[in-house]
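sequence below, structure please.
(one chain, ligands or ions: 1)
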Amino acid sequence: MNLLNINSRSATGNRVKSAHNQGELVAIFSICALVAMQPIAAIAASNDSATHPAPRLILQITVDALRGDLPGRFAHVLGEGGFRYLQQGVNYTNAHYQHATTETIVGHVSLATGTVPAAHGMVGNVWFDRAEGRLMYNIEDADYHLLSADSDIDRATEIDPTQKAAKVDGRSPRAILSSTFSDELAAHYGGKSKIFGVSVKDRGAVSLAGHAGKAFWFSKANGEFITSNYYYDAYPQWVLDWNAARLAQVYADTSWELTHKPSNYMFGDADDRDYETDFPGFGRTFPHPYGAGDDKYFTTRLTLSPAGDELTLDFAKTLLDAEQLGQDEVPDYLAVSFSSTDYVGHLFGPSSLESEDNIARLDRSLADLFAHVDKRVGLENTLIVLSADHGQPEVPGYLHSLGIQSAGYFNPKELDKAPAIAVLKQRFGLGEELIENFFQPYLYLNRELIQSKGLDQAEVERVFAEELEKFPGVVKAVSSIALRSAALPDTELMRKILNNFHPRRSGDIYLVLEPYVYINDFDGLIVASTHGAPWRYDSFVPVMFAGAGLQPATLSRAITPYDIAPTLANYLGVKQPSAAIGKPLVEVLGN
Ligand SMILES: [Zn+2]
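Modelled structure (predicted):
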């Protein structure tokens, strides 16, 4: 009877409590018949299960690598209508992920599904597929192809080592193992909700669009926003028109320049630091030139600067208009993931003039987006939520300049060397060939080899983990068999590693480096900082809700980003994503 009651409530505005006799049952079925005859718009409009009308648009913004403190830290370079508008909503200042591998796909899918990688399956940007015997990029899919022939990654110029792991050009959300909020929205409204994800990064768009929505992302190969035939058989005309306008070329032969005068910035007198990355043709100091429009790194440089966000913004605004989002009573969903903050952080670190100006420019892009949404849909009809997929660590060189000496880089090639391997050789008669693969943070052992020698996998893992913990910079090496058998102490760190564990995708040993120690080799490109750790700087993100008449509140209560998807679901009276563990946030729900 529950289902009938819910249907009746949403259709009529009358709460049908229970049916004790046949007469009441007849009444309920009559109401259900009424539901079937009503247009879907009427169903959406009469949602009285909450204290607010259903919004016409859910705008979910993800800022890649926006550590929770950064908007407040750089408040002096912000203008009106961007972060300041969000700060007038419901702000959570103490939100942390509870999984260990704080990487892009892991965070984005956690935001989308309201759960941890142990349930949604995205344990890292890349994992080793034992059946295929190779590394897999998280959203690659051999059954699909990109719609544009010239848009696949260019291996000669691609700087993202995770994308390079992909063997095929096809992309889809099929590796995401639980439902997303956007999937539930699609299911609730009979497919009538329009659902889109947009980002420079393919994984930033595919994740939040879910299985039921549509995703577009930026191709550095051809400078266009693209998609795969998982989503479309052919591009909509408005996408062809946007791409034909060649907007990226507007940046040719220009530079990323400071928004304000140097004295307005915290890091205005600290532009040139030798620990920053000197990317070819881009340099370590302002202005950072984009180069000629046909330069092989031109589009890459756009993504390493606020220009990548500006292109994403323009595409998202065009999408909102062309697809007429928020124009009827059925709520639509637009997810925009801004990637520049992540790339700028990798190159220059969060405590740099580049990061400070990037936040100032991101703030202008947000203000532009909110003004556009206000004009087309009305902010009072739009529920906005902004968060991030992970935080950001400080650059060791920056910490050293403050007298903090413990920070540094870790060279994973050291793992192949003695004495750990020597011990294993001595103990089991096996050496380097034991390591089948290493992709941060997981070590994958050669299970067939272990078995063929008649050795016990658990014992090999235990001894290897014990030896790895003797390496300087390694704080913990956790065996997966020990993790499965719960033979480990119940600490926060262990719970985070367990939350990250999926039996078919996780490796045999989880390697945790000390705080502020990380691998900075991006497949040959040496960067200044790398996130991905379980530590607080990488797990800390903002969670800001605004629009839809929300009353201002700032809360320091500890919450998690997994709370976002269940909150959106409850706000709309939609069932929660299938594996959600987050708790709906009462300040947003208003009751
Ligand atoms: Zn990221």
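
quick check: closest non-adjacent residue to the residue of the chain found nearest the ion.
Distances between the chain and the ion by Cβ to the ion are smallest at residue 104, namely 3.1 Å. In this view, the C-beta of every residue, glycine as well, is placed from N, C-alpha and C. Nearest non-adjacent residue to residue 104, counting by Cβ to Cβ, 6 or more residues apart in numbering: residue 389, 5.3 Å away.

spell out which residues of the stretch 301-450 of the chain are next to the ion.
342, 389 (Cβ under 5 Å from the ion).

quick one: the helices in the stretch 301-450 of the chain, in order.
Listed in chain order, the helices of the stretch 301-450 of the chain (DSSP state H, counting those that start in this stretch) span 306-322, 340-348, 353-376, 396-401, 420-428, 447-452.

give me every residue in the stretch 101-250 of the chain lying close to the ion.
residue 104.

where do the strands sit along the stretch 101-250 of the chain?
Listed in chain order, the strands of the stretch 101-250 of the chain (DSSP state E, counting those that start in this stretch) span 126-129, 134-137, 195-199, 214-218, 225-226.

can I get those in TSV including mean pLDDT?
Formatted as TSV, the strands of the stretch 101-250 of the chain follow (pLDDT from 0 to 100):
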stretch	mean pLDDT
strand 126-129	94
strand 134-137	92
strand 195-199	98
strand 214-218	98
strand 225-226	98
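
adding mean neighbour count and distance to residue 350, write those out as TSV.
Listed next are the strands of the stretch 101-250 of the chain as TSV, based on neighbours: other Cβ atoms under 10 Å; distance: least, Cβ to Cβ, whole Å:
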stretch	mean neighbour count	distance to residue 350
strand 126-129	21	24
strand 134-137	18	26
strand 195-199	28	20
strand 214-218	27	23
strand 225-226	26	28
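
how about these, which one is nearest residue 278?
strand 214-218 (23.8 Å; Cβ to Cβ).

for the closest one, packing partners?
strand 195-199, helix 202-209, strand 225-226, helix 306-322 (3 or more Cβ pairs under 8 Å, 6 or more residues apart in numbering; DSSP states H and E).

ok, 10 Å please
strand 195-199, helix 202-209, strand 225-226, helix 298-303, helix 306-322 (3 or more Cβ pairs under 10 Å, 6 or more residues apart in numbering; DSSP states H and E).

sheet partners, orientation included, of it?
strand 195-199 (parallel), strand 225-226 (antiparallel) (DSSP bridges).

got the angle for that strand vs helix 306-322?
150 degrees (axes from the mean of the first three to the mean of the last three Cα atoms, to 10 degrees).

could I have stretch 550-569 exported to CSV, CA atoms only?
Output in CSV follows, covering the C-alpha atoms of stretch 550-569 (Å, rounded to 0.1, in the frame of the first residue of the first chain):
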residue,chain,number,x,y,z
LEU,A,550,17.0,28.6,1.0
GLN,A,551,17.6,30.4,4.2
PRO,A,552,21.2,31.3,5.0
ALA,A,553,23.1,29.1,7.4
THR,A,554,26.7,28.2,8.0
LEU,A,555,27.3,24.9,9.7
SER,A,556,30.6,23.5,11.1
ARG,A,557,29.0,20.1,11.9
ALA,A,558,31.0,17.2,10.3
ILE,A,559,29.2,16.0,7.2
THR,A,560,30.3,14.0,4.1
PRO,A,561,29.9,14.7,0.4
TYR,A,562,27.9,11.4,0.2
ASP,A,563,25.1,13.4,1.9
ILE,A,564,24.5,15.5,-1.3
ALA,A,565,22.8,12.9,-3.5
PRO,A,566,20.4,11.7,-0.8
THR,A,567,19.6,15.3,0.1
LEU,A,568,18.7,16.1,-3.6
ALA,A,569,16.6,12.9,-3.7
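
looks like residue 481 contacts residue 450 (just checking).
No: counting by Cβ atoms under 10 Å, residue 481 stays clear of residue 450, with 11.5 Å between them.

which ones are touching the residue nearest to residue 525 when sequence neighbours are not counted?
Closest residue in space to residue 525, ignoring its immediate chain neighbours: residue 159 at 5.3 Å, by Cβ to Cβ, 6+ apart. By Cβ atoms under 10 Å, 6 or more residues apart in numbering, the contact list for residue 159 reads 220, 279, 297, 300, 303-304, 343, 346-347, 522-525, 527.

could you pull up phi and psi at residue 159?
phi -100, psi -10 (degrees, to the nearest 10).
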